[in-house]
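**Q** With the input below, show me the fold.
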Amino acid sequence: MTYRTLMLLLDPNGDNRAVLAVGASLARRFGASVIGLAAVRPPPPMIDGGSYGGALMLAEAAAVDLTQAERDLAACGNQFRAALKDCTQELEWRGSVVPEALAVHVADQCRGADLIITSPTPPASILEPESRVNVGALAIRAGRPILVVPRGTTDLALSNVLAAFKDTREARRAMADALPLLLEAQTAVVLEIARDDEVRDAQRHVDDVARWLARHGVHALPEALAAGTSESGALAREIRERKPDLIVAGAYGHNRMNEWIFGGITRDILLESGCCILMSH
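**A** Numbers count the residues shown, from 1 in each chain. A predicted model of the protein is given here:
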């Protein structure tokens, strides 16, 4: 298994250097085709219940927003082509203004890619054009693994990979989706944090995963640790101490509350870890 097509999800109003750098590196590593994707959703129309002149001003403002969005998308496409032109034989750019939520639009585009690469981005104001995708919502919808690259990243070293395992469908899917990267890793650990009375079962889980990985040519060390007072706290501590280049985790959560959980650790802690994260649902 390898990644034949990468999709880089870019922010036309943001800093895309890390995503472009990692995308270029992985395109060279796997000989992959690359699709660049960016989209803008205009802000909801503001209703003016007063004069004709007020309505006309709102229409003019909307036209200006649309023109600026198209300029931003064009500039983003140029940035994408400049960064990737020497890294692959096949480049494709998709930039558009869309009426639907960006997570829905991007998820629809993911059908043609093996891996989606993006960056963690705070949500925009409701009054601004939407150009950023909630990565948790995207992971749930995409049907493809998402590689989240923090700002400032210049490469994906893969010298130290940590799989934050839980015996769930999502985590099993993440392990399979991460195989091309795990095959490139110098060191890999499959770690499950469990309640004190479930550590033995957790060790059995990670032993099975390590044996499965070995059959695919990946040498991984299985570890199970007691959570103590907090499972997410214990995992956050392990991440701080081990300083992995990449975390592999299943993504699951509560859509209505936007409470995404990755391998037993909350979104906020994980996305502040400073390392790349591959997540699957």
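
**Q** Please count neighbours and contacts with C-alpha atoms only from this point.
**A** Noted.

**Q** Confidence-wise, which helix or strand of the protein is lowest on average?
**A** When each helix and strand of the chain is scored by mean pLDDT, DSSP states H and E, strand 259-262 comes last, with a mean of 56.

**Q** Skipping adjacent residues, who's closest to residue 186 in space?
**A** residue 159 (4.7 Å; CA to CA, 6 or more residues apart in numbering).

**Q** Contacts only, for that neighbour.
**A** For residue 159, the contacting residues are 185, 186, 187, 244, 245, by CA atoms under 8 Å, 6 or more residues apart in numbering.

**Q** out of these, which are buried?
**A** The neighbour-count test (16 or more other CA atoms under 10 Å) applied to these identifies 185, 187, 244, 245 as buried.

**Q** pretty sure the last one is touching residue 157, no?
**A** Yes - shown here, residue 245 and residue 157 form a contact pair, counting by CA atoms under 8 Å, at 6.3 Å.

**Q** Now do the same for the residue nearest to residue 186: helix, strand or coil?
**A** The local conformation at residue 159, judged by DSSP: H, G, I helix; E, B strand; the rest coil, is coil.

**Q** Can you report phi and psi for it?
**A** phi -80, psi -20 (degrees, to the nearest 10).

**Q** pLDDT score for it?
**A** We have a pLDDT of 95 for residue 159.

**Q** and if you look at residue 154?
**A** At residue 154, the model reports a pLDDT of 92.

**Q** Could you give the number of residues near it?
**A** Counted with other CA atoms under 10 Å, the neighbours of residue 154 add up to 17.

**Q** Surely it forms part of a strand?
**A** No - the assignment for residue 154, made by three-state DSSP, is coil rather than a strand.

**Q** circling back: would you reformat the contacts of residue 159 as TSV and include pLDDT?
**A** Listed next are those as TSV, based on pLDDT from 0 to 100:
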residue	pLDDT
185	97
186	96
187	97
244	95
245	95
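
**Q** Could you single out the nearest of those residues to residue 65?
**A** Residue 65 lies nearest to residue 245 out of the contacts of residue 159, by CA to CA, at 39.0 Å.

**Q** what stretches of the stretch 51-200 of the chain score poorly on pLDDT?
**A** The model of the stretch 51-200 of the chain has pLDDT under 70 over residues 51-64, 121-131.

**Q** let's see it at 90
**A** Applying pLDDT under 90 to the stretch 51-200 of the chain picks out residues 51-69, 89, 99-104, 120-142, 151.

**Q** the strands in it, which residues?
**A** Counting by DSSP state E, counting those that start in this stretch, the stretch 51-200 of the chain has strands at residues 91-97, 115-118, 146-148, 161-164, 188-194.

**Q** Any idea which of those strands gets closest to residue 226?
**A** Using CA to CA, these put strand 188-194 closest to residue 226, at 5.2 Å.

**Q** what are the pairing partners of the closest one, and which direction each?
**A** Note on strand 188-194: by DSSP bridges, its sheet partners are strand 161-164 (parallel), strand 221-226 (parallel).

**Q** Residue 92 contacts residue 34, doesn't it?
**A** Yes - counting by CA under 8 Å, residue 92 touches residue 34, with 6.5 Å between them.

**Q** For the buried ones among the contacts of residue 159, could you give me CSV that also reports distance to residue 145?
**A** Conversion of these to CSV gives the following (distance: CA to CA, whole Å):
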residue, distance to residue 145
185, 18
187, 21
244, 19
245, 17
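
**Q** Just give me the closest of these to residue 217.
**A** Using CA to CA, these come closest to residue 217 at residue 185, 10.8 Å.

**Q** Excluding sequence neighbours, find me the nearest residue to the closest one.
**A** In space, residue 185 is closest to residue 158, 4.8 Å off (CA to CA, 6+ apart).

**Q** Compute the distance between that neighbour and residue 182, please.
**A** Residue 158 sits 8 Å away from residue 182, taking CA to CA, to the nearest Å as the criterion.

**Q** before we move on, what about residue 277?
**A** Relative to residue 182, residue 277 is positioned 13 Å away (CA to CA).

**Q** do the same with residue 251
**A** 18 Å.
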